[in-house]
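K.L.:
okay, structure incoming, though there's no sequence with it:
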C-alpha cells in the first residue's frame, strides 16, 4: 500500500506541499520569536500620566515595577493593570505599549469625599477604599459616614444632598449614619443632632429634610435659641431638645405650623 502512495505523484505533491507549509510556519514562528526577544524590545521605561499627586512612587517602584516582565510584545497588560489598581489611591488605570520598549500608564486617583468608619475612605463615586488617612488632607474637612455593607454609595449620595441643603442653614453634616434598620441620623458642625428615621411610604426622607429647612429657623427664633437635637421621625410633629430644657414635642402648635 505504501508503494502505491509513493508512486502517486498527485498525492506525493500534496504531502510535500503540506510539509513545506509546516516548515514555513515553524520558520516564521522562530523568526518572530527571535525578533521579539531582541534586547531593543526589552521594557526599559514606564511613563506615569494622570493623577499621581497621592500615589506613593516609592511603593510603586518596589511593588509594581519588579512584577513587570517580558518585552514590548509579550508583557501582559491586564496583569500590570491589576497590580497598579491594587496600589493605594489608585481608582483606575489603563496601560498602553509605547514603541519600542516602553509602557504608558494612565492613572485616575481616588478623590476622597469622606471617611468611612474609623479607618477607610469613601470617594466621590461612593466607593470605599483603603489608604493612609493622613494623605487625604485635613481630616477636619472630611465628614464621617457609616452604614451597613453595600450602602456606601447610598450614604455618600445622602451626604452630598444633605450638604447642599444644610448649607442654607449655615451648617455642614460632619457625621451621617445609616443604621442596620436603615434609619438615618446626622450630626452637624454646629453640634445639632438630627434624627430622620427610615424612609416611609407617606413621609419620605426628602420631605423630612424639607420640613427641617422650613421649621428650624422658626423654632430657633420662636421656641428656643439653641437647639441640641431635632427629631423629624413624626409625620405630624417634631421633637426638639435645647440646652436648658427636656425634649419638647411640637405638634400643631400655633407658633410653629407644620403644614
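P.N.:
Cool, got the structure. Small disclaimer: the values here were computed from a predicted structure and weren't measured.
K.L.:
any regions of the stretch 1-150 of the chain where pLDDT drops low?
P.N.:
Under the criterion of pLDDT under 70, the regions of the stretch 1-150 of the chain flagged as low confidence span 1-12, 15-16, 19-20, 22-23, 25-41, 138-140.
K.L.:
and residue 56, how many neighbours?
P.N.:
17 (other Cβ atoms under 10 Å). Where C-beta positions appear, they are placed from N, C-alpha and C, glycine not excepted.
K.L.:
what's the spacing between the residue lying closest to residue 101 once chain neighbours are set aside and residue 68?
P.N.:
Take residue 101 and drop its neighbours on the chain: the residue closest to it by Cβ to Cβ, 6 or more residues apart in numbering is residue 44, 4.7 Å away. Between residue 44 and residue 68 the distance, using Cβ to Cβ, to the nearest Å, works out to 11 Å.
K.L.:
between the two, which one's more packed in?
P.N.:
With neighbours defined as other Cβ under 10 Å, residue 44 and residue 68 compare such that residue 68 has more, 17 against 12.
K.L.:
got the phi and psi for the more buried one?
P.N.:
Recorded main-chain torsions at residue 68 are phi -80, psi 110, according to degrees, to the nearest 10.
K.L.:
tell me the contacts of it?
P.N.:
Taking Cβ atoms under 8 Å, 6 or more residues apart in numbering as the criterion, residue 68 is in contact with 43, 46, 75, 80, 83, 103.
K.L.:
helix, strand or coil: sort out the residue nearest to the last one when sequence neighbours are not counted for me.
P.N.:
Taking Cβ to Cβ, 6+ apart, and ignoring the residues beside it in sequence, residue 103 has residue 46 as its nearest neighbour in space, at 4.9 Å. When the structure is split into helix, strand and coil by DSSP: H, G, I helix; E, B strand; the rest coil, residue 46 lands in strand.
K.L.:
cool, and residue 154?
P.N.:
Going by three-state DSSP: residue 154 is helix.
K.L.:
which residues does residue 51 contact?
P.N.:
Under the criterion of Cβ under 8 Å, 6+ apart, the contact list for residue 51 reads 107, 108, 109.
K.L.:
okay, these in TSV with neighbour count and distance to residue 226 next?
P.N.:
Conversion of the contacts of residue 51 to TSV gives the following (neighbours: other Cβ atoms under 10 Å; distance: Cβ to Cβ, whole Å):
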residue	neighbour count	distance to residue 226
107	20	48
108	14	45
109	18	41
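K.L.:
out of those residues, name the ones that lie in helices.
P.N.:
Counting by DSSP state H, those place none of their members in helices.
K.L.:
now the strands for the stretch 101-250 of the chain?
P.N.:
Taking DSSP state E, counting those that start in this stretch as the criterion, the stretch 101-250 of the chain carries its strands at 102-109, 112-116, 120-123, 128-129, 143-146, 173-178, 183-188, 193-198, 227-231, 237-242, 245-251.
K.L.:
same list (these) but as JSON lines, adding distance to residue 60.
P.N.:
What follows is the strands of the stretch 101-250 of the chain, written out as JSON lines (distance: least, Cβ to Cβ, whole Å):
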{"stretch": "strand 102-109", "distance to residue 60": "9"}
{"stretch": "strand 112-116", "distance to residue 60": "19"}
{"stretch": "strand 120-123", "distance to residue 60": "19"}
{"stretch": "strand 128-129", "distance to residue 60": "16"}
{"stretch": "strand 143-146", "distance to residue 60": "29"}
{"stretch": "strand 173-178", "distance to residue 60": "33"}
{"stretch": "strand 183-188", "distance to residue 60": "38"}
{"stretch": "strand 193-198", "distance to residue 60": "43"}
{"stretch": "strand 227-231", "distance to residue 60": "47"}
{"stretch": "strand 237-242", "distance to residue 60": "51"}
{"stretch": "strand 245-251", "distance to residue 60": "54"}
